[in-house]
Every structure is written in structure tokens, then in C-alpha cells.
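Q: return a 3D structure for these sequence lines:
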Amino acid sequence: LTRTFNVPTAAVRSAATGDLRDVLEAFPVANSTVLDAQRAQFVRQDERETDEIYMVARFDHRFSSNNTVFGRYTFNDGEVTDPERVNTGAITKTRLQFSTLEHQAIRGAGLVNRLQFGFTSSKLDGYDYILDGITMARTTYTDVDRGIANIAITGLSPWGGSTTNPKFHQFSNIQLSDTVSWNRGAHSVKVGGHMEYQRYDLTSDFTTFGGWNFRSINEFLAGTARTFDAVQPGSDTSRRLRQYVFGVYLQDDWRIRNDFTLNLGLRYEPTSDITEVDGKLSQLIDFASPTATSKDTTVIDAVVKNPSLKNFAPRVGFAWDIGGKGTTSLRGGAGVFYDLLTANTNFVQNTAVRVPPFFERSRITGTTAVPIDFPNAYFTQAALLAGNAQLEGIEYEPEQPTMVKWNMNVQRELLARTSIEVGYT
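A: Okay, the predicted model is just below:
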């Protein structure tokens, strides 16, 4: 894998002193094309290493012709080491585990019960490392030292680590469901329900070690930063989210005539509130207020006000064998579908973590009157940094995301083994 980076020339390095020189010395020395007096290219042959362990186990057992059980377990452990940046690389470790246990019982000629238990576990760890041959005088510009800061200088490749590393996410999901199928006369009825318990433990840093932005190499040499981003002392980037997800449904496939079947169904799928074990949740309740600031947040019990309690989803469909000869059929259906707000979605996680007062991320924007003190702004301009706190989030009282879908299609047999189908969704 060949990668090309823009690095400072020897002339730029020699023009810098002190902390500025330390930053430039953490760039590798150019070994390829000179772009201009300040920039040259560094070309490197990289190896992106991937290690993976994958395993699947399954068992089946038949107690009788009407009573069976099966189980399956999947394990996938991976690690990717990628020297993706000019002076740092990223290590990403994942571990996925899936377990399923199912019992099926048949009672008589028309009754089947299927009971299922499932467990899912996923783990994601991501962190940065300094490449071999690179020396960094400092890796952080704050009082937190468990990662690598980042510096953006227009014209040069980004310096340092990822703004969101290190990250440690662990998600588990316990599922229980039961479905009963019953055939009687012209009716084929299914009724069932499921329950999920979601646990999401995450630590997600964001510019925790300081992030600098310089609009040009000349401004960098002058020590004139455009912006500086950091989190406030005492910010907590760890959360333990919990939620239940439910669903019950009833469906009837009703064969009204030999050539016409009507499908009727109703589903109800609410969720519990998304809560945090240690009570570290807050929100800007009046999200649309033009005068609201990060100081107007409120400590709450749930990430959002639950919009799912009225999630009734009717569905209807039909199949018509036109003429009753099996050569032309018309099918259609319509239904209401909900996109649930659950603990394992990205914007829910960001809202759970990146809202004051438990987490405060701030930015200083440099001006002629008040320049940013590089590299000590976190300590020498703490009051200015504290006065510019930012937050990320979604509205506290969201509407339930809802979709209404419908489709219609017609199928016609042309020859014994040839048919044509036209549909619209």
C-alpha cells in the first residue's frame, strides 16, 4: 500500500523554533517531489495488518417428530493495525458474539409454537499509536494524556491522532421471542411477541487532548492559530446506557376464495426510556430557542422524551390469481413502519455524552485582539475556553420517525418457464 503525504521542507523546519519546531520535527523528512518552498512529499510503503479469528458452532436435537431444538454460536474476533496518518496509526479491535437457542413444538395438525432466545455482544476498542521512527515532544495539549492530540496546518498532512480516539464501546442485547402459528379452515393466524434488553457501555473521547487549526504554514510559523478545541477539566466521556424494546403482533392470512387471499396484521412496538445507570444525562430542552446557551441544559432521567408509546402499525396485503388459472397474479400491500430510537444509534450516543454539564467541549477562535496562546491555551486561557462551550444533541421531544410503505405488482406467465413481473413501490 503506497501512501503519499505532504510534509514541511527543510527550510520551514529551520525557520521554526521552540514548540513550533517540535511539531515540525514530528513530520517525517521528505523523500519525494518538492511541491514549493514550504512543502514536499513523503512517500511510504505501508502494510495494513488484519488478524481475525472466526468460529461457528451449531447443534440440533430432535426429542420427537413434533419437538425439536437447535442452537448456534458465532464468534468473530478481529484486530486491524493501520499506519494511516503521516506520523500516527490506528489500532481497531473488535469482538462479536452471537448466540441463538430455539425450541419448536408442533401440536396437532395446525398449531406450531416457536420459542427463541438470543444474545448478542459486540466490543469495539480504537486507539492511536506513534509510528516507528517518529518522535513527538508532546502528545497532548491538555491535562489528559491517554491519547494523541491533532494539529491541522493547511497545506500539510494532518498531524497526530484521530479526534475521536481512544474509544471503548461494548454493546450487549438479550432477546426473547415467541411465535404461535395456527392454521384452521381458511385462516392462517400468527401471533407473537419479542423483548430486547440493550446495554451500551461506551467511552468516547472527542478532542480530549487538544485540537489546533492553522490556516497556513506561515501562520503556523508565527504561532497564530485559527482555532483551538478541547474538553473542559472534569468532563466525563463514559456512559452506561440501558433500554428495553418490545413488540407484539397479530397476523391473519385469510383465504377468502380459492383465487384470493387477504393479509391482515397489526403490530405494536414500544420502547422504554433510554436511561443511564449513573444519572449522567442532560439535554437542552428548548432546542429551538435563539437565546439558549450551553448553560441552559437540564439534568434528565432519559436521553429523550419517549415517542414510541403509540406505535401501532396496521398492515394489509392481498394476492389475487386473476382468472384462477395460475398464469396471472396481482399482489399488493401497505403498512406503517417505525424507525425506533434505540441506545445503539450514533446520534443517541452523541447526545448521551456530549452535552454539558457532564461533558463540556469548547473552542477558542483567535482574533487580532485576543490571539490564541500556542501551545499553552488550555492552561493560560482557561477562562476564555470555558466561555465558549459547545454541545451536540437532538431535540428532547422528538416525533416518532414513521414511514408508510405500499407496493403493487403484477406477474404474468408467458411460457412454461418464462414469466414477466412489473411492480411499483
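
Q: helices along this structure, start to end?
A: Listed in chain order, the helices found in the chain under DSSP state H are 10-15, 18-25, 217-221, 346-353, 377-380, 382-386.

Q: could you dump those helices to CSV with mean neighbour count?
A: All C-beta atoms are positioned from the backbone trio N, CA, C, and that covers glycine. Listed next are the helices of the chain as CSV, based on neighbours: other CB atoms under 10 Å:
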stretch, mean neighbour count
helix 10-15, 14
helix 18-25, 17
helix 217-221, 20
helix 346-353, 19
helix 377-380, 18
helix 382-386, 15
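
Q: let me have those helices in CSV, extended by mean pLDDT and distance to Trp254.
A: CSV is the format used below for the helices of the chain (pLDDT from 0 to 100; distance: least, CB to CB, whole Å):
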stretch, mean pLDDT, distance to Trp254
helix 10-15, 96, 78
helix 18-25, 96, 73
helix 217-221, 96, 73
helix 346-353, 86, 39
helix 377-380, 94, 69
helix 382-386, 88, 66
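
Q: how about those, which one is nearest Phe228?
A: helix 377-380 (4.9 Å; CB to CB).

Q: quick one: the lowest-mean-pLDDT helix or strand in the chain to chain centroid distance?
A: Using mean pLDDT, DSSP states H and E, strand 389-390 stands out as the lowest-scoring helix or strand of the chain, at a mean of 76. Computed by CA atoms, centre = their mean, to the nearest Å, the separation of strand 389-390 from the middle of its chain amounts to 23 Å.

Q: how close does the most centrally placed residue in the chain sit to Lys167?
A: For the chain, the residue nearest the mean C-alpha position is Asn346 (4.0 Å; CA atoms, centre = their mean). Relative to Lys167, Asn346 is positioned 12 Å away (CB to CB, to the nearest Å).

Q: list residues touching both of those two?
A: Counting by CB atoms under 8 Å, 6 or more residues apart in numbering, Asn346 and Lys167 have no contacts in common.

Q: which stretches of the stretch 301-425 of the chain form strands?
A: Along the stretch 301-425 of the chain, the stretches classed as strands by DSSP state E, counting those that start in this stretch are 312-321, 328-338, 361-365, 389-390, 402-415, 418-424.

Q: quickly run through the sheet partners of the fifth one, with directions.
A: Just to be clear, that refers to strand 402-415. Using DSSP bridges, strand 402-415 pairs in its sheet with strand 328-338 (antiparallel), strand 418-424 (antiparallel).

Q: quick check: mean pLDDT of the shortest one?
A: Along strand 418-424, the predicted local confidence has a mean pLDDT of 91.

Q: tell me which residues are up against it.
A: With contacts defined as CB under 8 Å, 6+ apart, strand 418-424 is touched by Asn407, Met408, Asn409, Val410, Gln411, Arg412, Glu413, Leu414.

Q: how about a cut-off of 6 Å?
A: Outside of strand 418-424, the residues within contact range by CB atoms under 6 Å, 6 or more residues apart in numbering are Met408, Asn409, Val410, Gln411, Arg412, Glu413.

Q: so how far is that strand from its chain's centroid?
A: Chain-centre distance of strand 418-424: 38 Å, with CA atoms, centre = their mean.

Q: again, but for stretch 211-225
A: 33 Å.

Q: tell me which of the helices of the chain sits nearest to Leu281.
A: helix 346-353 (6.2 Å).

Q: would you mind writing the CA trace of the closest one as CSV?
A: Listed in CSV are the C-alpha atoms of helix 346-353, where the atom choice follows Å, rounded to 0.1, in the frame of the first residue of the first chain:
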residue,chain,number,x,y,z
ASN,A,346,-24.9,7.2,16.8
PHE,A,347,-26.9,10.3,17.4
VAL,A,348,-28.3,8.9,20.6
GLN,A,349,-24.8,8.1,21.8
ASN,A,350,-23.5,11.6,21.0
THR,A,351,-26.5,13.2,22.8
ALA,A,352,-25.9,11.0,25.8
VAL,A,353,-22.2,12.0,26.1
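
Q: report all helices and strands that it contacts.
A: Where contact means 3 or more CB pairs under 6 Å, 6 or more residues apart in numbering; DSSP states H and E, helix 346-353 is packed against strand 238-257.

Q: give me the neighbour count for Val56.
A: Other residues lying near Val56 total 10 when counted by other CB atoms under 10 Å.

Q: dump the residue contacts of it.
A: Per CB under 6 Å, 6+ apart, neighbours of Val56: Thr74.

Q: likewise for the one 10 residues further on?
A: Taking CB under 6 Å, 6+ apart as the criterion, Asn66 is in contact with Ile106.

Q: and stretch 225-242, which residues are buried?
A: Within stretch 225-242, the residues that count as buried by 16 or more other CB atoms under 10 Å are 225-232, 235, 237, 239, 241-242.

Q: next one: stretch 139-152
A: Thr139, Thr140, Tyr141, Thr142, Val144, Gly147, Ile148, Ala149, Asn150, Ile151, Ala152.

Q: likewise for stretch 37-49?
A: Result for stretch 37-49 [16+ other CB under 10 Å]: buried residues Gln38, Arg39, Ala40, Phe42.

Q: among the residues you listed, which are located in strands?
A: Using DSSP state E, the subset of the buried residues of stretch 37-49 located in strands is Arg39, Ala40, Phe42.

Q: adding distance to Phe119 and pLDDT, write the residues you listed out as JSON lines.
A: As requested, these are exported to JSON lines (distance: CB to CB, whole Å; pLDDT from 0 to 100):
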{"residue": "Arg39", "distance to Phe119": "53", "pLDDT": "97"}
{"residue": "Ala40", "distance to Phe119": "54", "pLDDT": "97"}
{"residue": "Phe42", "distance to Phe119": "47", "pLDDT": "97"}
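
Q: turn those residues into CSV, including distance to Gly247.
A: Shown next, in CSV, are these (distance: CB to CB, whole Å):
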residue, distance to Gly247
Arg39, 57
Ala40, 60
Phe42, 55
